[in-house]
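coordinates only, sequence not included:
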């Protein structure tokens, strides 16, 4: 499904607004200034995504997953390479002295909270601006191979559309990169584009 330049521009703006809101919430949550940017946004079919990123399939990533339903339905995830996830958690938590079990629990809790804020910010922005109600699940933290994270159990020929926003966290002069992935069914993605077209025409 080919997007028009206007549809892609509006999607990029929706993501940027959501990420901006998430950055504001993260800054209130921690004492460190966090800047979020989305320098790249691509929309691909599941088969196109496999072709483009297939070499990453067996790599293990840290991810927070969030399902959403309503007028649009699907699954979203904030994905980090493990070293980026550890660096992000270390910067946010500081030099806390914790046991191994406490450190792992805090790692999961911190990443879940960051993922929840970012994904809710992005999906909430899409829902609010397009005036569509979206209901979110509780976020889940997983460490899994990239190919399994991306398709959330969906087959490559399912007709799903993948929206990928490369996300940069800038914290205390550290640049940490992750990716926001949103998986829509073909029907839901068509509904999303119709709502974007209606917004552009208003």
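Nice, I can see it. Every value quoted in this text rests on a predicted model; they were computed, and no experiment measured them.

let me see the ranges of the helices in the protein.
Using DSSP state H, the helices of the chain run over residues 5-29, 46-53, 82-93, 100-129, 146-151, 186-201.

now do stretch 146-158, average pLDDT.
Mean pLDDT, stretch 146-158: 59.

find the nearest non-adjacent residue to the most centrally placed residue in the chain, please.
Nearest residue to the geometric centre of the chain (Cα atoms, centre = their mean): residue 180, 2.4 Å. Distances taken as Cβ to Cβ, 6 or more residues apart in numbering place residue 165 nearest to residue 180, at 4.4 Å, with adjacent residues excluded. C-betas here are computed from N, CA, C, even on glycine.

for that neighbour, give me its contacts.
15, 19, 38, 40, 41, 122, 179, 180, 181, 182 (Cβ atoms under 8 Å, 6 or more residues apart in numbering).

report pLDDT for the second one.
If I follow you right, that is residue 19. 92.

burial count for the nearest residue in space to it that is not next to it in sequence?
Nearest non-adjacent residue to residue 19, counting by Cβ to Cβ, 6+ apart: residue 36, 4.7 Å away. Neighbours of residue 36 under the rule other Cβ atoms under 10 Å: 24.

list the buried residues for stretch 92-108?
Using 16 or more other Cβ atoms under 10 Å as the test for burial, stretch 92-108 gives 92, 107, 108.

confirm for me that the second one is in contact with residue 86.
It stands for residue 107. Yes. Between residue 107 and residue 86 there is a contact under Cβ atoms under 8 Å: 7.4 Å.

follow-up on the earlier one: residue 73 is nearest to which of the helices of the chain?
Comparison of the helices of the chain against residue 73 by Cβ to Cβ identifies helix 186-201 as nearest, at 5.2 Å.

just checking, what packs against that closest one?
helix 5-29 (3 or more Cβ pairs under 8 Å, 6 or more residues apart in numbering; DSSP states H and E).

and the contacts of the helix it packs on?
Outside helix 5-29, the residues touching it (Cβ under 8 Å, 6+ apart) are 3, 33-38, 41, 43, 113-114, 117-118, 120-126, 129-130, 163, 165, 167, 180, 193, 196-197, 199-200.

which of these are buried? Put it as a ChimeraX command.
The ChimeraX selection below is limited to those of the contacts of helix 5-29 classed as buried (16+ other Cβ under 10 Å):
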select :34,36,38,41,43,113,114,117,118,120,121,122,123,124,125,126,129,130,163,165,167,180,193,196
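
show me the shaky parts of the chain.
Across the chain, the ranges flagged by pLDDT under 70 are 1, 57, 95-98, 150-158.

swap in 80 and give it another go.
1-2, 29-32, 46-47, 50, 52-58, 93-103, 146-159, 172-173, 186 (pLDDT under 80).

the residue nearest to residue 19 is in contact with residue 171, isn't it?
No. Assessed by Cβ under 8 Å, residue 36 is found out of contact with residue 171, at 9.8 Å.

quick one on the thing from earlier: most packed of the helices of the chain?
When you average the neighbours per residue for each of the helices of the chain (mean count of other Cβ atoms under 10 Å), helix 146-151 leads with a mean of 20.

ok, back up a step: could I get the contacts of residue 165 as CSV with distance to residue 101?
Below are the contacts of residue 165 laid out as CSV (distance: Cβ to Cβ, whole Å):
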residue, distance to residue 101
15, 36
19, 33
38, 35
40, 38
41, 39
122, 32
179, 29
180, 30
181, 30
182, 33
